[in-house]
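Novice: Kindly return the folded structure for what I paste below:
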Amino acid sequence: MVLITAASAAAAQAVAAGRPADDYIALETRDASPAHFLFKIESCSLLQNCGIDKYETNDFVAGEHKWKLIICPNGEDKEKESDYISIYLAMGDTSSMPANWEVNAVFSIFLYNQIHDNYLYSLGITRRFLGVKPQWGFSKFISKKFLTDPSNGYLVDDNCVFGAEVSVVKKEAFAIECLSLKNFEIPYKRDWMIPNFSEIREFWKSEEFSAGGHKWAVQLYPKGRGDASGRHVSIFLYYYGSNTGTPSERVQARRTICIKNQLHDKHDKYTSTVWYVGSKDNWGFTTSMEIATINDPKKGFIVNDSCHLEVEISVKAVVQVSPLPIEK
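Specialist: Coordinates of the predicted model:
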């Protein structure tokens with residue numbers, strides 16, 4: 001069974017007006033008692049005679065923190081909420097807590113049904129408890145009319161029982177991820193004249209260079225790499241991280257790799273946009289130009305045993321993920 005209190009309509013209006021909706025409560029029933037705390041009030045009808053408008057329980061422990069219930073039998077605001085019982089979960093003794101402490105917790109408030117031997121409870125809500133806001137709860141938890149109706153079973157022999165269950169959301173660390181999108185700019189261009197091309201045994205590698213705030217290098221395999229060995233020239237662009245050394249970074253880059261034709265205006269060019277993930281990640285073209293083509297002196301790609309290589313890089317997006325420790 002789900003019970004929506006009469007305050008839900010007012011809460012909906014509060015949400016629409018941009019105000020907090022603590023008055024809204026969805027209540028369900030269950031047989032299991034609350035895991036952490038029970039509080040019994042005997043002779044409830046004498047609360048008003050005793051002048052008790054607000055009662056704070058002793059501290060109880062849940063999730064390695066101290067908590068308490070605060071109950072206002074005539075409502076927290078007696079002029080506006082006198083027909084309701086207000087109840088809150090609050091942090092207990094915080095003297096041992098660090099400065100600027102913060103505790104995130106999921107909690108439920110319970111009311112015992114002494115006829116059916118089960119509990120009416122608020123569905124768990126997550127709240128952030130702080131020094132400036134050490135308590136959360138419901139200004140209209142239950143109406144006094146509903147509570148005092150003997151047929152409902154919550155007030156028997158002038159006694160009632162409240163309870164609480166608290167689950168602390170623990171985090172050792174959390175991560176902040178930031179996606180920065182870049183306007184498409186004039187690409188960074190870099191070129192090399194690679195001498196003694198025929199004498200390169202395995203690969204030629206450029207020096208590390210900077211483009212778009214990041215570090216790169218180019219690696220060319222004149223005789224191919226992997227499945228392209230012996231058939232095609234292979235070229236790869238390596239990513240070596242940001243210039244600032246930001247950890248856990250991904251970069252989306254549009255890159256063009258071009259083997260320049262030194263005799264004709266017919267260059268061998270390859271363009272693609274890819275994500276580079278982590279330092280020393282590489283993407284390239286395993287099967288670019290055929291080896292027979294690049295080594296043909298009539299084609300114009302190798303002149304005086306030198307190869308003219310050019311790259312263009314445009315950084316389009318950067319993702320930074322930074323793990324941050326949580327103060328305990």
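
Novice: can you count the residues close to residue 118?
Specialist: 17 (other C-beta atoms under 10 Å). From N, CA and C alone the C-beta is placed, and that goes for glycine too.

Novice: Let me see the confidence value for it.
Specialist: We have a pLDDT of 96 for residue 118.

Novice: Confirm for me that it is in contact with residue 33.
Specialist: No. Look at residue 118 against residue 33 with C-beta atoms under 8 Å: they stay out of range, at 9.2 Å.

Novice: Now for residue 43, how many residues are close by?
Specialist: Neighbours of residue 43 (other C-beta under 10 Å): 11.

Novice: Which pLDDT value does the model give it?
Specialist: So residue 43 comes in at 91 (pLDDT).

Novice: if I look at the closest residue to it other than its chain neighbours, how far off is residue 47?
Specialist: Of all residues not flanking residue 43 in the chain, residue 158 sits nearest, at 5.3 Å (C-beta to C-beta, 6 or more residues apart in numbering). Applying C-beta to C-beta, to the nearest Å, the value for residue 158 to residue 47 is 10 Å.

Novice: With residue 171 instead?
Specialist: 40 Å.

Novice: just residue 211 next, same as before
Specialist: Distance of residue 211 to residue 47, given as C-beta to C-beta: 74 Å.

Novice: same thing with residue 232?
Specialist: Counting by C-beta to C-beta - residue 232 and residue 47 are separated by 88 Å.

Novice: between these two, who's got more neighbours?
Specialist: Between residue 232 and residue 47, counted using other C-beta under 10 Å, residue 232 has the larger neighbour count: 22 against 15.

Novice: partner residues bridging the more buried one?
Specialist: Assessed by DSSP bridges, residue 232 has beta-bridge partners residue 290.

Novice: And for the one 4 residues further on?
Specialist: Beta bridges link residue 236 to residue 219, residue 284 when assigned by DSSP bridges.

Novice: Would you map the strands across the stretch 51-200 of the chain?
Specialist: 55-56, 60-62, 65-72, 84-91, 102-113, 118-122, 125-130, 135-143, 160-168, 173-181, 188-194 (DSSP state E, counting those that start in this stretch).

Novice: quick one: low-confidence parts of the stretch 51-200 of the chain?
Specialist: Within the stretch 51-200 of the chain, the ranges that satisfy pLDDT under 70 run 80-81, 172-174, 184-185.
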